[in-house]
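Peer 1: generate coordinates for the sequence data below:
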Amino acid sequence: MPPVFAHGRLRLYLLKLLDEAPRHGYEVIRLLEERFQGLYAPSAGTVYPRLAKLEAEGLVTHATEGGRKVYSITEAGRAELADRGGELADLELEIRDSVSELAAEIRDDVRGAAGDLRREMRAAASASATRVEDESWKAAKEELRKARQEWKEQARRAKDESRRAREEAQAARRQAKEAQERAREEVQRIASQLQEQFAKSGGVLGSLAGAWLGGGPSATTTPPQADTDWAGDLTPTGDPARDLDRLLDRFRDDVRDAARDHGVTVAQLAEARAELAAAAARLSATLRAGR
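Peer 2: Now for the predicted structure:
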């Protein structure tokens, strides 16, 4: 019989059970036995060392209740469970297949035993066709009846377990999809925050470079002449709003280059802030007047 859990999979399934609810070690063993309909039950020597290792890794923790250790999953454990959502869905399918294989082996054993019994009964019937049915014949028929009944029961349990395994696999896939969606939203949120911070950093660098282009402290007495051909290589697109965005991008890039190449003093920073505030006010007034 192939192993029920591949390498490292029992560890993942223990995290799933503890994510459902805090449990003590014996309850974990009992739940595993129930999930396999009594066809498989891990030993204490299999479960407890893995729980201890998960605790050492910070994925689970325990509290003592009534003299027993009750294990609970940590946030780190939930994070690993979410990261391995797809692997968990595959594991649910593997468990279903393992249960089906175990049930099939039992069903084959029952069928083989029933076939042997039928052959023995036919041989006995051929040898004693003229004799009155005795107690041994009745016992044989009873054994056959029991064998058939047992086979039907095993088949029913295997069918029920297969159905439950499919339902759990579907639920696991839904959970994995939800976890992926949550992860994608979190990445988008972080990206948005970084973009906002980057934009703010761009504004600061623009202020610094404005001080440099203004000529430092002496710019208040000798303002620079406007370069009418500045950014002349930017071909108009026909969309004024878009062209304005391109000009602002060019301005920011030029300012960053100037700040990086020449540096900025505290005095230049203060003067640049004032100049940029004035420029922003003039541009805003110009744009509002154009409506």
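Peer 1: what's the neighbour count on Phe36?
Peer 2: Using other Cβ atoms under 10 Å, Phe36 is surrounded by 19 other residues. For every residue, glycine as well, the C-beta is placed using N, CA and C.
Peer 1: do the same with Leu248
Peer 2: For Leu248, using other Cβ under 10 Å, the count is 13.
Peer 1: tell me which element it falls in.
Peer 2: helix 240-262 (DSSP states H and E).
Peer 1: and that helix, what does it pack against?
Peer 2: With contacts taken as 3 or more Cβ pairs under 8 Å, 6 or more residues apart in numbering; DSSP states H and E, helix 240-262 sits against helix 135-213.
Peer 1: quick one: average confidence on the helix it packs on?
Peer 2: Averaging pLDDT along helix 135-213 yields 70.
Peer 1: before we move on, back to that, give me the angle between whichever helix or strand comes after the helix holding Leu248 and helix 240-262.
Peer 2: Note on helix 240-262: by DSSP H and E, the next helix or strand toward the C-terminus is helix 266-289. Angle of helix 266-289 versus helix 240-262, following axes from the mean of the first three to the mean of the last three Cα atoms, to 10 degrees, is 170 degrees.
Peer 1: export helix 266-289 as CSV, just CAs?
Peer 2: In CSV, the C-alpha atoms belonging to helix 266-289 read as follows (Å, rounded to 0.1, in the frame of the first residue of the first chain):
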residue,chain,number,x,y,z
VAL,A,266,20.0,73.7,3.6
ALA,A,267,19.7,77.3,2.4
GLN,A,268,19.1,76.1,-1.1
LEU,A,269,16.4,73.7,0.1
ALA,A,270,14.5,76.5,2.0
GLU,A,271,14.7,78.8,-1.0
ALA,A,272,13.7,76.1,-3.4
ARG,A,273,10.6,75.3,-1.3
ALA,A,274,9.5,78.9,-1.5
GLU,A,275,10.2,79.2,-5.2
LEU,A,276,8.3,76.0,-6.0
ALA,A,277,5.3,77.2,-3.8
ALA,A,278,5.2,80.4,-5.8
ALA,A,279,5.5,78.6,-9.1
ALA,A,280,2.8,76.2,-8.2
ALA,A,281,0.5,79.1,-7.2
ARG,A,282,1.2,80.9,-10.5
LEU,A,283,0.6,77.7,-12.6
SER,A,284,-2.6,76.9,-10.7
ALA,A,285,-3.9,80.5,-11.3
THR,A,286,-3.0,80.2,-15.0
LEU,A,287,-4.9,76.9,-15.3
ARG,A,288,-7.9,78.1,-13.5
ALA,A,289,-8.0,81.3,-15.6
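Peer 1: before we move on, the earlier item: show me what counts as buried in the helix holding Leu248.
Peer 2: Within helix 240-262, the residues scored as buried using 16 or more other Cβ atoms under 10 Å are Phe251, Arg252, Asp254, Val255, Arg256, Ala258, Ala259.
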